[in-house]
Each structure stands twice: as C-alpha cells, then as structure tokens.
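Novice: here is my input; please provide its structure:
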Amino acid sequence: MAYRLFEGKKHASIYQQYRFTPPSDLKDAIIQYLDAKKGQPHELAVDLGCGTGQFTRLLAPHFKEVVGMDVSENQVEEARTVPGYPNITYRQGTAEQLPFGDGTVDLLTAASAAHWFDQSKFLPEANRVLKPGGCIALLGFSEVNLNFNYKDCGEEINQIYQEVKKVLQPYTSNPVAVSDSKLQDLFSAIPYPDKKRVDPFPTKSLLSVRNLVGFIRTWSMFQTYETKDPQGAEDLLASIQKRILEKMGVTSPDTEIERDWEYFCILASKPL
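Specialist: Got it, this is the predicted structure:
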C-alpha cells in the first residue's frame, strides 16, 4: 500500500469504535459465490486492509482459518483485542506482498480498502496465492444515494453531512476518489473472465448522532485536516453535532437516526 493514513494508535482506536461492519447479507452473497465457483471445503480466507477486523470477523464461521492483514500494526493490535474468534489471526503486512504459498488461499477480501492498493502489484499477488476457483471479493460503500431520516428533518441532516464533505474535500486523497468510482479501473484490470459486480446492495441501519460524528472522525481526509489544524477539526465536529441535534429538536447525542445507503462488491474467480 502506497498510502499509510491509518497507522496512528489514536486513529486505530477510533476506527474500532466507529467504523461500520458491512452487511451480513453481502457477506453471505460472497460466500455463495465462492461455493458456486470453488466448492467446499473453505479453508483459508485473507481479509486485506482489515483495519480493526469488522469484516474479518464476519468471515470466521465459514472458514477453517481467517487471516486479517493491515499495513498498520496499531490497527492490527486493536483487532486482536476483540475476543471470541479462535480461528482468526491478524498480521501486519501489505496487499502487494502476501505471506502465503502459491495456490493456498480460498478467498481474498478487502472491505473499503482496495482503493489504497497498488493495482499493478496486488493483482499478480492475488493470482499467485489463490487456489484454482478461489475468489476475490472487493467491497465498499457508496454515498451517491445516501439519505438520513429522522421525523421531518432528514433532508436538513443530509445537507449538513454534504457540507462537511465539501469542507474536507481539499484534504481528500486520490485513492478516495477511486473508491467513489466503485473501483471501476480495478474491476477492468482483473484478468479473470469470470467476474461480476453486485451493485447496488442497499442497506438500512440506525446510528446515533454520536456515532455519525465518530464515523466522520475516521475518514482519512478528516485525519489529514486534523493533523494540519487540530483545533479547527475539533470545532468542525462540535459544530456538526450541535447543528444536527438542533435540527432534530433533541439534546442527547445518543438519539438515533435512520441511514439508507448502498454497498457494492466486485467478485472474481480464478479459472480452474
């Protein structure tokens, strides 16, 4: 990974607390694809750019062994603090240099991480380690059709959220823009004839105002802004929370908002 924006211990702790777990139904779609292309048994899954392990843990029931890998040792350390997953191990490492033998991996996944990979190095490594019939699953979320709903003020909350993104736009790195394109270039570059998109994959969830503000704190562009202007970054978050609560007519940041948004997933299978 050429970009290393998630390595600080503070950021890792925030990531563990506020990053969302992808929908279980989308994980099920990935497993069904793997079942159809490679068949059982499923021995080893590797979750790349695993962060603090939110998606890694979803994979645990379906494999004999799951390995979560991340460039940040602090992220990996946070992931290791979550108990109850004896078949998961976490390692510091990159997607471009995988510590696995040729043809040993059933599934390679990356959840909201593949836009950070060096495509020209990642794809040959993926091909090397995958078993015949093994699969790649690269997923992420899209905010194109994002909507917040709370009584009659959902549109006002949406507007505040979009304003924050505009404020942080100057601090946005190019890979984030790649993510916004739903990894189209990476999808085109995958050399396997058997590949497809699952897009859109709509999902609905409840989150508190506190967790919404915490989620914004996890963004790489917010972290860049915070490095350059720590007080300005804190003031921005405080202002966001205050404005949203005022629009909702409540005082508790634990008040929940409904969020509608969409995931996408690229699926590809190595030829048998």
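Novice: buried by neighbour count: which residues of the strand or helix carrying residue 32 qualify?
Specialist: Using DSSP states H and E, residue 32 maps to helix 24-37. For helix 24-37, a neighbour-count test (16 or more other Cβ atoms under 10 Å) marks 26, 27, 29, 30, 31, 33, 34, 37 as buried. For the C-beta atoms, the positions are set from N, CA and C on the backbone; glycine is no exception.
Novice: residue boundaries of the strands in the stretch 151-272 of the chain?
Specialist: Using DSSP state E, counting those that start in this stretch, the strands found in the stretch 151-272 of the chain span residues 195-208, 256-269.
Novice: pick the most buried one from the ones you listed.
Specialist: Stretch with highest mean neighbour count among those: strand 256-269 (a mean of 20; mean count of other Cβ atoms under 10 Å).
Novice: check which helices and strands that strand is in contact with.
Specialist: Strand 256-269 is packed against helix 24-37, strand 130-149, strand 195-208, helix 209-218, with contacts defined by 3 or more Cβ pairs under 8 Å, 6 or more residues apart in numbering; DSSP states H and E.
Novice: residue 265 is in contact with residue 141, isn't it?
Specialist: No - under the criterion of Cβ atoms under 8 Å, residue 265 makes no contact with residue 141, lying 10.3 Å away.
Novice: pull the distance from stretch 244-264 to the chain's centre.
Specialist: Averaging C-alpha positions (Cα atoms, centre = their mean, to the nearest Å) puts stretch 244-264 21 Å from its chain's average.
Novice: can you give me the end-to-end span of that stretch?
Specialist: Stretch 244-264 stretches 28 Å from its first residue to its last (Cα to Cα, to the nearest Å).
Novice: stretch 114-133 too?
Specialist: 21 Å.
Novice: now it: average pLDDT?
Specialist: Mean pLDDT, computed over stretch 114-133, is 96.
Novice: sorry, back to before: now the strands of the stretch 151-272 of the chain as CSV including distance to residue 172?
Specialist: Converted to CSV, the strands of the stretch 151-272 of the chain look like this (distance: least, Cβ to Cβ, whole Å):
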stretch, distance to residue 172
strand 195-208, 22
strand 256-269, 19
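Novice: redo the helices and strands packed on strand 256-269 as a markdown table? Include distance to residue 63.
Specialist: Formatted as a markdown table, the helices and strands packed on strand 256-269 follow (distance: least, Cβ to Cβ, whole Å):
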| stretch | distance to residue 63 |
| --- | --- |
| helix 24-37 | 9 |
| strand 130-149 | 12 |
| strand 195-208 | 20 |
| helix 209-218 | 27 |
